[in-house]
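[1] Build me a model from this:
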Amino acid sequence: MPQPAYIVLEIQPQWVLEGEALGSKEKFWYRADDNEPEWLFKFPQPNTGQHWAEKIAAEVAACLEILHAHVEFAIFQDTRGSATESFAREGRNLFHGNQILAGNVLGYDPTKAFRQSDHTLDNIFVAIDKTFLTPEAAHRTKILFASYIVLDALIGNTDRHHENWGILRRRVGEHWQGLLAPTFDHASSLGRELVDTSDGKCRQRLLREGHVGRYAENAHGAIFWNKTDKRGLSPLELVRRAAVAQPEIFKPALGRLDRLDRHKAEDIVARVPDAWMTPIAREFSIELMCYNSEELGNIRL
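    Next up is the predicted model:
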């Protein structure tokens, strides 16, 4: 039996907490009630599927039991977008990856926004080792982070830059307590920037010519393999190399991939309301996830 469409939240103007953010047409925090958590509403960039990419990514993460931010579709003043529930609660604040790396990796520039080639997986894991007090805690954190990287490869998320991951921390007495934040901000996934029909980079042409795999392989992510590289690896290639280099870290997440077969991927995408996503965008998203899943399944540990 088909599942019902995902809910769509209706955001009221009086819920907005940061009115000055509305002028940029990017995002703003809101809260419907004083007893409820804050949510972040995000306007998608024009002619993109960033809103449905966010929602589908969250549903895929849930299917694979990957810790993730809660995302819903939302409408504000007749504009469609996505709403992400705040996970920085109970006295915790988000300490972003660039801050963590700058404090633990010599010479790391936390202000470099593009092509930060020091943002390597090795440096991320070094920073995790130095941040957590025990080897056991660091190991668990790296396994969780690896699941985020596997998710990126599955959905084609190319935007895992150094502010798109972090640690939630809070002060307890004289000490800090911290844990890896849920994975968040997956708007750059599932071919969200493509158009349905044109002479250039379009879903219809990629599907017709059988080039969905080429699209996945040619993507450039925001995590580098070596600091001398000019571009980040594709999310797929990053997992291929990292899983071979550190199989015990990546094996748990790769072992759960069979929970997302084609039928499940189709179910997740089918629940997007009809008006929010075109049939071609749905087909492309499913084919992309199926290609990536098959490639990830070919990794031998």
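[2] on contacts alone, who are the packing partners of the host helix or strand of residue 128?
    In this structure, residue 128 sits in helix 121-131 according to DSSP states H and E. Applying 3 or more CB pairs under 8 Å, 6 or more residues apart in numbering; DSSP states H and E, one finds that helix 121-131 contacts helix 97-104, helix 135-155. All C-beta spots, glycine's among them, are computed from the backbone N, C-alpha and C.
[3] Can I get those helices in JSON lines including distance to residue 281?
    Putting the helices and strands packed on helix 121-131 into JSON lines (distance: least, CB to CB, whole Å) gives the following:
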{"stretch": "helix 97-104", "distance to residue 281": "30"}
{"stretch": "helix 135-155", "distance to residue 281": "14"}
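[4] Make CSV from these and add mean pLDDT to it.
    Listed next are the helices and strands packed on helix 121-131 as CSV, based on pLDDT from 0 to 100:
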stretch, mean pLDDT
helix 97-104, 96
helix 135-155, 97
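[5] closest to residue 46 out of those?
    helix 135-155 (21.8 Å; CB to CB).
[6] How far away from the center of its chain is that closest one?
    12 Å (CA atoms, centre = their mean, to the nearest Å).
[7] again, but for stretch 162-178
    Taking CA atoms, centre = their mean, one finds stretch 162-178 lying 20 Å from the centre of the chain it belongs to.
[8] out of the helices and strands packed on helix 121-131, which comes closest to residue 7?
    Across these, closest to residue 7 is helix 135-155 (CB to CB), at 21.2 Å.
[9] neighbours of residue 125, just the number please.
    18 (other CB atoms under 10 Å).
[10] nope, residue 108 is what I meant
    Residue 108: 19 surrounding residues under other CB under 10 Å.
[11] where's it relative to residue 167, distance?
    In this view, residue 108 and residue 167 are 15 Å apart by CB to CB, to the nearest Å.
[12] Check residue 112 too.
    Using CB to CB, which is the criterion applied here, residue 112 is 20 Å from residue 167.
[13] So between the two, which is more surrounded?
    Between residue 112 and residue 167, residue 167 has the larger neighbour count (other CB under 10 Å), namely 22 against 14.
[14] Can you name every helix or strand that the host helix or strand of the more buried one contacts?
    Element membership of residue 167 [criterion: DSSP H and E] is strand 166-172. Other elements packing on strand 166-172 under the criterion 3+ CB pairs under 8 Å, 6+ apart are strand 93-96, helix 97-104, strand 175-180.
[15] For residue 209, find the nearest of those.
    helix 97-104 (37.0 Å).
[16] relative to helix 97-104, how tilted is the strand holding residue 167?
    Orientation check (axes from the mean of the first three to the mean of the last three CA atoms, to 10 degrees): strand 166-172 against helix 97-104 gives 70 degrees.
[17] Residue 99: neighbour count?
    17.
[18] Now do it against residue 188, distance only.
    Distance of residue 99 to residue 188, given as CB to CB: 22 Å.
[19] Give me the residue ranges of this protein where confidence is low.
    Applying pLDDT under 70 to the chain flags residues 1, 19-25, 199-200.
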